[in-house]
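**Student:** Just need the structure, nothing else, for what follows:
(chains A and B)
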There are 2 protein chains.
Amino acid sequence: MSLTRCLLVQTEIKEFIKQCMLAVGTKASHASSLADVLVEGDLRGHYSHGLNRMDLYVKEIQAGICAKEGKPVVEKESVATALVNGNNLLGPVVGNFCMSLALKKAQDVGIGWVVANGSNHYGIAGYYSMQALKKNMIGMCYTNTSPLVVPTRGKECTLGTNPISVAAPAKDGDSFELDMATSAVALGKVELQARNGRSIPEGWGCDANGLPSSDPKAVLSGGGLVPVGGSETTGGYKGYGLALMVEVFCGILAGSHYSKYIRTWRMTNCRANLGQCFVALNPEFFADGFNDRMSDLLSLHRNLEPAGPNMPVMVPGDPERRHNQPCHELNGIPYSLSVVKHMNEVASTLGVTPLLPTNRLIQ
Amino acid sequence: MSLTRCLLVQTEIKEFIKQCMLAVGTKASHASSLADVLVEGDLRGHYSHGLNRMDLYVKEIQAGICAKEGKPVVEKESVATALVNGNNLLGPVVGNFCMSLALKKAQDVGIGWVVANGSNHYGIAGYYSMQALKKNMIGMCYTNTSPLVVPTRGKECTLGTNPISVAAPAKDGDSFELDMATSAVALGKVELQARNGRSIPEGWGCDANGLPSSDPKAVLSGGGLVPVGGSETTGGYKGYGLALMVEVFCGILAGSHYSKYIRTWRMTNCRANLGQCFVALNPEFFADGFNDRMSDLLSLHRNLEPAGPNMPVMVPGDPERRHNQPCHELNGIPYSLSVVKHMNEVASTLGVTPLLPTNRLIQ
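**Tutor:** Okay, here's the model as predicted:
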């Protein structure tokens, strides 16, 4: 890509996001939680779920449709499960609360399955599942979200990109980190192609008649994303089934909004009331040697002979490692300059200083 | 299809399978458990996992690589989890034991997560997850299996078709029944096209060089199935990630064989030692009104306007209902005559009588 990029240091982006959220009245610890997950998204290369979305969170707090303060509340609980009311707090506040509860339960009885209603967008799902890695546990996280995906044979968006995220610890800090939308691709990829006037591969989206389309504009205006698997012939009904499965774990179990009742994407005139699901699973309650087998599973795949040159076989989490390793070397995260400028405009209207630097340009 | 089909009554097929398994020395209750799951597979239209596979189970018992009698043993246990040694018993014996244990735990503490090693092929995964429906619970089931799937960018089969199965109860006996291989299609579909001399759609499999192929013979000899999502561009790495996730829940947690260490498909000279995972989740521990929301989720999708004529939008489980409803009306299951004849030959060599009738031909 020929976009001009600007290098920002993690701590300065976090402080910037925090100050913007404080400026609209968010409680300090909540603002920090949001900043942490957004920067982690960027660090992993998932720019669609990072700083790029800060203005959305600002708007939601300003519009009064997301709570500035308060605490999530446990409404039902067993040694292994909990139902949490997110009290309309910022997604990361609800997510951190629930994941920490799930981990506590998994420490005691091997598993914690926690479901939340009344939640909001929480950034990348992997941020929560990966919290389990520090405790040498498996973490899982699911969320429903605004309808953007058209079910197999349909022509109306009734499901979100409903991600599945599973993290599992291997040896020496290595890990399996699956974090995938159940749509073929994320919305951001289609938006990017539209902005650049390029077409999209068949199998990414459909038009308003439910027909496959390689025109990103048709997908974005009246059409929708398609479930992973693409057409019915190539197994698209499986991706559709997985998106429904996520909805069962989230909206249906939690009693939040679900499916097409969730507000339209980027709408800021009503509460999101999302349903989310957080699971921790403790390998100590199962067969000995979990980490060894995990490491072996990862390395046997990484060491496979690739089908083509310069296309090494990877495991889930490797593409993100390939993004964040250079960030450590650069001591910063490269951002699109236009995103930085846009967020500075948002910050200016809120009276936030200092703004993000726009002069550390890199190739 | 122009194949000649023969109508068999459920009770007679079950008795036939049972007698064949008894003839090779299987304990009666184990033979019955196997017969039940195979016939359920056929009833749901998954013929690749039914009577069609009886000879495989017979061979495994004959070869002494699958145990004729014994009991699964719980090796580790908490109120919410268990690790089970399947003691190399027939898959359905291990599966029924584990699912029943998971359901008991979910009754008490909301969830039961049970993992088994030392297991064998257990028929359709959905048979176990659906056992939860009778208790108005959510059931999940996963298994690893012989390597048939080539990871994204690779050219060697290192993963099984590793199915994901999730069943969730709605109102009035209705339910969500997801039961999907994490490969784009099942092996049986490719075999069928090869047998009929037809090509396969791109996105089903690859050749021995890891390149997409529409030649089913190339896929079956040296190539392999591809993960759901197809190529890397259309999200095949997601299917690959899901297949690995299933392996984490099965072989890696259970300490059984996993990935490419599992014996080659149809090999009968060594034990399978499969890993399997059985989960029950009790909606009573979460938000009230689960069944109502499930029914609404299903019906809102079934009632969507379809993109094309005679292509109604369905939910997971509907294709199976469309197969087994006529079976109830016909009072029997239609089988391919060649499969019936082949199984009769197997039975003859074992001295089993009566054989299956071959004269109830239907269109």
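**Student:** The helix or strand in which A:Arg322 is found packs against which elements?
**Tutor:** Assigning secondary structure by DSSP states H and E places A:Arg322 in helix A:318-330. Judged by 3 or more CB pairs under 8 Å, 6 or more residues apart in numbering or on different chains; DSSP states H and E, the packing partners of helix A:318-330 are helix A:28-43. For the C-beta atoms, the positions are set from N, CA and C on the backbone; glycine is no exception.
**Student:** pLDDT on the helix holding A:Arg322, on average?
**Tutor:** Helix A:318-330 shows a mean pLDDT of 92.
**Student:** now it, how far from the centre of its chain.
**Tutor:** Per CA atoms, centre = their mean, to the nearest Å, the displacement of helix A:318-330 from the mean C-alpha position of its chain is 18 Å.
**Student:** name the helices or strands packed onto the helix or strand following it?
**Tutor:** Next in sequence after helix A:318-330, counting helices and strands by DSSP H and E, comes strand A:333-336. Judged by 3+ CB pairs under 8 Å, 6+ apart, strand A:333-336 is in contact with strand A:5-8, helix A:28-43.
**Student:** From the chain's centroid, how far away is strand A:333-336?
**Tutor:** Centroid displacement of strand A:333-336 relative to its chain, using CA atoms, centre = their mean, is 18 Å.
**Student:** looking at chain A, which helix or strand is least sure?
**Tutor:** Within chain A, confidence by mean pLDDT, DSSP states H and E is lowest for helix A:187-195 among all helices and strands, at a mean of 86.
**Student:** Partner strands of the next helix or strand after that helix and their direction?
**Tutor:** The first helix or strand that comes after helix A:187-195 along the chain, using DSSP H and E, is strand A:205-206. If you go by DSSP bridges, strand A:205-206 pairs up with strand A:212-213 (antiparallel), strand A:224-225 (antiparallel).
**Student:** Just put those strands in a markdown table and tack on mean pLDDT.
**Tutor:** As requested, those are exported to a markdown table (pLDDT from 0 to 100):
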| stretch | mean pLDDT |
| --- | --- |
| strand A:212-213 | 94 |
| strand A:224-225 | 97 |
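**Student:** Can you tell me which of those strands is most buried?
**Tutor:** Burial of the strands paired with strand A:205-206 is given as mean neighbour count (mean count of other CB atoms under 10 Å in any protein chain shown); strand A:224-225 ranks first at a mean of 28.
**Student:** Give me the mean pLDDT for whichever helix or strand comes after that one.
**Tutor:** Sequence-wise, the next helix or strand downstream of strand A:224-225 (DSSP H and E) is helix A:236-247. Mean per-residue pLDDT for helix A:236-247: 98.
**Student:** Report the angle between the helix holding A:Arg322 and helix B:236-247.
**Tutor:** Interaxial angle of helix A:318-330 relative to helix B:236-247 (axes from the mean of the first three to the mean of the last three CA atoms, to 10 degrees): 100 degrees.
**Student:** ranges for the strands of chain A?
**Tutor:** For chain A, the strands defined by DSSP state E cover A:5-8, A:73-77, A:81-85, A:111-119, A:138-143, A:164-169, A:175-180, A:205-206, A:212-213, A:224-225, A:274-281, A:333-336, A:361-362.
**Student:** hang on, the earlier thing: switch the helices and strands packed on strand A:333-336 over to CSV; also include mean neighbour count and mean pLDDT.
**Tutor:** Below are those laid out as CSV (neighbours: other CB atoms under 10 Å in any protein chain shown; pLDDT from 0 to 100):
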stretch, mean neighbour count, mean pLDDT
strand A:5-8, 20, 94
helix A:28-43, 22, 97
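**Student:** closest to chain B out of the ones you listed?
**Tutor:** Among the helices and strands packed on strand A:333-336, the nearest to chain B by CB to the nearest CB is helix A:28-43 (18.1 Å).
**Student:** tell me which strands and helices the closest one is in contact with?
**Tutor:** Under the contact definition 3+ CB pairs under 8 Å, 6+ apart, helix A:28-43 sits against helix A:10-23, helix A:91-109, helix A:126-129, helix A:318-330, strand A:333-336.
**Student:** buried residues in the least confident helix or strand of chain A?
**Tutor:** For helix A:187-195, the neighbour count (16 or more other CB atoms under 10 Å in any protein chain shown) marks A:187-190, A:192-194 as buried.
**Student:** what does stretch A:44-59 give?
**Tutor:** Neighbour-count burial for stretch A:44-59 flags A:44-55, A:57-58 (criterion: 16+ other CB under 10 Å).
**Student:** Rank the residues you listed by pLDDT and give me only the lowest.
**Tutor:** A:Ser48 (87).
**Student:** Tell me how chain A divides into domains.
**Tutor:** Following the TED database, one gets these domains for chain A: A:1-69+A:332-362, A:73-179+A:235-323, A:185-225.
**Student:** To B:Pro212, which of the ones you listed lies closest?
**Tutor:** Proximity to B:Pro212 (CB to CB) singles out domain A:73-179+A:235-323 among the domains of chain A, at 9.9 Å.
**Student:** That closest one: end-to-end distance?
**Tutor:** 36 Å (CA to CA, to the nearest Å).
**Student:** can you give me the offset of it from its chain's centre?
**Tutor:** Worked out by CA atoms, centre = their mean, domain A:73-179+A:235-323 lies 9 Å from the chain centre.
**Student:** Would you mind listing what in the stretch 1-150 of chain A touches chain B?
**Tutor:** Residues of the stretch 1-150 of chain A found near chain B (CB under 8 Å from any CB of the partner chain) are A:76, A:78-81, A:83, A:109-111, A:113, A:115, A:117, A:138.
**Student:** Buried subset of those, written for ChimeraX?
**Tutor:** Buried members of the residues of the stretch 1-150 of chain A next to chain B, defined by 16+ other CB under 10 Å, are picked up in ChimeraX with:
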select /A:76,78,79,80,81,83,109,110,111,113,115,117,138
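**Student:** Among the residues of the stretch 1-150 of chain A next to chain B, which pair sits farthest apart?
**Tutor:** The span of the residues of the stretch 1-150 of chain A next to chain B, defined through CB to CB, is set by A:Gly110 and A:Asn117 at 25.1 Å.
**Student:** ok so, going back, out of the domains of chain A, deepest packed?
**Tutor:** Of all the domains of chain A, domain A:73-179+A:235-323 has the most neighbours on average by mean count of other CB under 10 Å, namely a mean of 23.
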